[in-house]
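> Take a look and give me a structure for this.
(one chain, ligands or ions: 1)
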Amino acid sequence: MGFMDALKRIFGGGTSGAADSSDPNGLWYHFRCGRCGSVVRIRADRRNDLNREDGPATYVLRKDVMDNTCFQLMHAELWLDDRYNVVTAEVSGGELITLEEYEQALVEE
Ligand SMILES: [Zn+2]
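Numbering: from 1, shown residues only. Here you go, the predicted structure:
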């Protein structure tokens, strides 16, 4: 149990979809392309995009993500707990980053 708690602490902060009062069902995730390094922002919908499945957490979210620079397709599989915090993230072709890392990358571009 301690291991999962540690993961939640690592992923629970910036990677959970920030609540936006104008978009209560929106969850935002940020990715960095493993090939060219560009960052992408993806919206998921709590009602439509999350599935309850047996696995490491309550919900699974699967998304194909494409950046605007090299157009490589990344495949993301995120497991979320019942408060929509990311518990585990597997991204082929890229990585999940925090909102802070995303904003930092935009500043540097
Ligand atoms: Zn790319």
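
> For this protein, which segments count as strands?
26-33, 39-45, 50-52, 59-66, 73-80, 86-92, 94-97 (DSSP state E).

> Name the strands paired with the fourth one and say parallel or antiparallel.
Next to strand 59-66 in the sheet, as set by DSSP bridges, lie strand 50-52 (antiparallel), strand 73-80 (antiparallel).

> again, but for the first one
Within its sheet, and counting by DSSP bridges, strand 26-33 is paired with strand 39-45 (antiparallel), strand 94-97 (antiparallel).

> Most tightly packed of the strands paired with strand 59-66?
strand 73-80 (a mean of 19; mean count of other Cβ atoms under 10 Å). All C-beta atoms are positioned from the backbone trio N, CA, C, and that covers glycine.

> which outside residues touch it?
Strand 73-80 is contacted from outside by 29, 31, 33-34, 40, 42, 50, 55-67, 86-94, 96, using Cβ atoms under 8 Å, 6 or more residues apart in numbering.

> go with 7 Å
Applying Cβ atoms under 7 Å, 6 or more residues apart in numbering, the contact partners of strand 73-80 are 29, 31, 33, 50, 55-66, 86-94, 96.

> beta partners for the residue positioned nearest the centre of the chain?
Geometric centre of the chain, nearest residue: residue 29, 3.7 Å, by Cα atoms, centre = their mean. On the basis of DSSP bridges, residue 29 is bridged to residue 42.

> does it really touch residue 42, like I thought?
Yes: in this structure residue 29 lies within contact range of residue 42 using Cβ atoms under 7 Å: 5.1 Å.

> now the residue nearest to the centre of the chain: how far from residue 54?
Note on residue 29: its distance to residue 54, by Cβ to Cβ, to the nearest Å, is 22 Å.

> got it, and residue 88?
On the measure of Cβ to Cβ, residue 88 and residue 54 end up 14 Å apart.

> pLDDT of stretch 56-69, averaged?
Stretch 56-69 comes out with an average pLDDT of 96.

> which residues touch residue 31?
With contact taken as Cβ under 7 Å, 6+ apart, residue 31 is in contact with 39-40, 42, 65, 74, 76, 91, 94-97.
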